[in-house]
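Chemist: sequence? don't have it. structure:
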Ligand code: PEP
Ligand code: MG
């Protein structure tokens, strides 16, 4: 049977985008457009009436959003649904509303013009931000702005579709995505948006396949066109041939079968055919994912990226709020454990400083920022300690690059413990503190670092970017960001051997651990603990259960001798073929 690659190589009728939510759908396109609202800058005579109109439009917008928020809460977890709560808060923002009303009074212009101008000012600031997260949030604000203006103009937007269709749109706001999902939407396609766009996040939560960022799908696809959406590879096929329809129908059917099979793996261990057990943990980014983790068969949470809370709430929770978050998480995962990574702020994540660093990835990030801000660091450590009474929490430090950072962290940690003892607050006095191995300096001296810490976890996302000098988020150099580069493989081996020498537990929690192609090699190199996203756990188990540990070791030995990425990849592909192991992307 043909592979996806072969099919795509030959397909001239394909449109490329970003694979935002997995799945294969064959169906009819529905172009979703929203009328562009013309904005009048006309003068007004009656100020009171205009302000009355503004408040009426705000009230109507609030009613609409409250309805969307209710639907979102039924369909998604609370954390995701909170997007709409945040939009509702903007509608009540006294500073924004104050600015709008006083400008209407002073300038005596149509409220729709002032609303547009005032909210656009906020947006421009966000769009200029270097963080993709902030850019995406600017789109959410666009939704609010358009909603108020539409209500000022007393117009309506239709979001009812009465047949099974694939929605094709320039962009989709979170509200559009939720409202449309109530209809019979089979998949989403957008011209704009990236993996972190809310249309993408919501599609994943709702399990609706999506391809985003196509640039020109709305120009190329017409209403009623027959199309195929591939949410695995990020392609759309317009007017498919008989051969393409047959290919994708078969893939779709096999996918349905595969998913049934994967569910059965949930309670089975990840043991190789010759009896080597691999421990699989889950990475958790948002609190709401915990349900998926519990049902995924993970042995615990190997990485909780605590900084995500800051992205979701936009501020630092205080000690009590943090204690509640960590207590809830650790209780839900109990008796398994959770490794809480202290705030990894900086780089491309949550901006803390007003000052824009010229090289944020090489700047005040992770542990460096925490040590510069001991009050912030102590608040988090105290909260984690307070939540540790069930003795199933571990602490992990991000972006460690020197031993001094470990010593300084331990000193602050001891101070926190002493304080809590003085306050007679119970905590787990044996709580373990480990480090991320994600900076080359730690890899080079891994044994020495291991001697001063309770455990290590390799963060390949950063380790690769720092080893190869490639910004992990920069499209221009993404070709140089190579998981299977011999430098990466040999560095992993070096760290693994050093951790063994120091007799300290080691895991891997970067995205590489979730790459099904990398799995036999990682196991063969000697990694026994993998922390990956919950959704990938069944796929990982399936591969591990089909591997022979002895053979993975031979594979690793061979790969360690190669000098090019190509040779390593080919050897791994050969391993899969020789051992008849099917990878997910190939089977579906
Ligand atoms: C990593 O760097 O591999 C990692 C797990 O951390 P993050 O992706 O949050 O930087
Ligand atoms: Mg990292």
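Modeler: Right, received. Where do you want to start? Here the structure is a predicted model, which means the values were calculated and not measured. Ligands and ions are numbered 1, 2, ... in the order given.
Chemist: so where is the stretch 401-550 of the chain shaky, pLDDT-wise?
Modeler: Applying pLDDT under 70 to the stretch 401-550 of the chain picks out residues 475.
Chemist: if we use 80, what do you get?
Modeler: For the stretch 401-550 of the chain, the stretches flagged by pLDDT under 80 are 472-479, 534-536.
Chemist: now do the SS call for the nearest residue to residue 391 once chain neighbours are set aside.
Modeler: Closest residue in space to residue 391, ignoring its immediate chain neighbours: residue 428 at 4.6 Å, by C-beta to C-beta, 6 or more residues apart in numbering. C-beta here means a position set from N, CA and C on the backbone, and glycine is covered the same way. Three-state assignment for residue 428 (DSSP: H, G, I helix; E, B strand; the rest coil): coil.
Chemist: what about residue 428, distance to residue 373?
Modeler: Distance, residue 428 to residue 373, by C-beta to C-beta, to the nearest Å: 25 Å.
Chemist: with residue 339 instead?
Modeler: Residue 339 sits 22 Å away from residue 373, going by C-beta to C-beta.
Chemist: please identify which of the two sits among more neighbours.
Modeler: Taking other C-beta atoms under 10 Å, residue 339 and residue 373 do not tie; residue 339 has more neighbours (23 against 15).
Chemist: quick one: contacts for the residue lying closest to that one once chain neighbours are set aside?
Modeler: Sequence neighbours aside, residue 394 is the residue nearest to residue 339 in space, at 4.4 Å (criterion: C-beta to C-beta, 6+ apart). Applying C-beta atoms under 8 Å, 6 or more residues apart in numbering, we find residue 394 in contact with 337, 338, 339, 340, 431, 432, 433, 434, 454, 455.
Chemist: next, the fourth one: phi, psi?
Modeler: In terms of degrees, to the nearest 10, the main-chain angles of residue 340 are phi -90, psi 120.
Chemist: not counting sequence-adjacent ones, nearest residue to it?
Modeler: Spatial nearest neighbour of residue 340, excluding adjacent residues (C-beta to C-beta, 6+ apart): residue 304 at 4.9 Å.
Chemist: specify the local secondary structure of residue 222.
Modeler: Secondary structure, three-state DSSP: residue 222 is coil.
Chemist: dump the residue contacts of it.
Modeler: By C-beta under 8 Å, 6+ apart, the contact list for residue 222 reads 29, 31.
Chemist: report pLDDT for it.
Modeler: Here the pLDDT value assigned to residue 222 is 93.
Chemist: and it, how far is that from residue 202?
Modeler: Counting by C-beta to C-beta, the gap from residue 222 to residue 202 is 26 Å.
Chemist: what ranges does the stretch 51-200 of the chain have for its strands?
Modeler: Secondary structure of the stretch 51-200 of the chain, counting by DSSP state E, counting those that start in this stretch: strands at 165-169, 185-190.
Chemist: just checking: what are the partner strands of the last one?
Modeler: In the sheet containing strand 185-190, the strands it pairs with under DSSP bridges are strand 165-169 (parallel), strand 210-212 (parallel).
Chemist: pairing partners for the strand ranked longest in the chain, with directions?
Modeler: Ordering each strand of the chain by length in residues (DSSP state E) puts strand 24-31 first. The partner list of strand 24-31 in its sheet, established with DSSP bridges, is strand 165-169 (parallel), strand 226-230 (antiparallel).
Chemist: next, the buried residues of it.
Modeler: For strand 24-31, the neighbour count (16 or more other C-beta atoms under 10 Å) marks 24, 25, 26, 27, 29, 30, 31 as buried.
Chemist: ok now it, how far from the chain's centre?
Modeler: Here strand 24-31 is found 26 Å from its chain centre; the criterion is C-alpha atoms, centre = their mean, to the nearest Å.
Chemist: residues contacting that strand, please?
Modeler: By C-beta under 8 Å, 6+ apart, the list of residues contacting strand 24-31 from outside reads 161, 163-169, 186-187, 189, 209, 218, 221-232, 240, 245, 248-249, 251-252, 255, 588.
Chemist: for residue 566, find the nearest of the strands paired with strand 24-31.
Modeler: For the strands paired with strand 24-31, the distance to residue 566 is smallest for strand 226-230, at 25.9 Å, taking C-beta to C-beta.
Chemist: pretty sure residue 549 is touching residue 526, no?
Modeler: No - between residue 549 and residue 526 there is no contact, the gap being 10.3 Å when judged by C-beta atoms under 8 Å.
Chemist: any residues in contact with both of those two?
Modeler: The contact sets of residue 549 and residue 526 do not overlap (C-beta under 8 Å, 6+ apart).
Chemist: ok so, going back, what strand or helix carries the residue nearest to residue 339?
Modeler: Using DSSP states H and E, residue 394 sits within strand 393-397.
Chemist: show the subsequent helix or strand relative to that strand.
Modeler: Where DSSP H and E defines the elements, the next helix or strand beyond strand 393-397 is helix 403-422.
Chemist: distance between the ends of stretch 498-505?
Modeler: In stretch 498-505, first residue to last residue: 11 Å (C-alpha to C-alpha, to the nearest Å).
Chemist: need the contact partners of it.
Modeler: 434, 446, 447, 450, 451, 453, 454, 455, 456, 506, 526, 529.
Chemist: one more pass at 10 Å, please.
Modeler: With contact meaning C-beta atoms under 10 Å, 6 or more residues apart in numbering, stretch 498-505 is reached by 279, 394, 432, 434, 437, 442-458, 506-507, 526-529.
Chemist: what about the strands in the stretch 401-550 of the chain?
Modeler: Using DSSP E, counting those that start in this stretch, strands in the stretch 401-550 of the chain cover 432-437, 456-458, 506-508, 529-533.
Chemist: and the gap between residue 12 and ligand 1?
Modeler: Counting by C-beta to the nearest ligand atom, to the nearest Å, the gap from residue 12 to ligand 1 is 37 Å.
Chemist: quick one: residues contacting that residue.
Modeler: 237, 238.
Chemist: ok so it is a helix residue?
Modeler: No - under three-state DSSP, residue 12 falls outside any helix and is assigned coil.
Chemist: what's the pLDDT at it?
Modeler: 81.
Chemist: now swap in the one 10 residues further on and tell me
Modeler: Model confidence at residue 22, expressed as pLDDT, equals 80.
Chemist: contact partners for it?
Modeler: Applying C-beta under 10 Å, 6+ apart, the residues near residue 22 are 203-204, 207, 209-210, 230-233, 255, 535, 584, 588.
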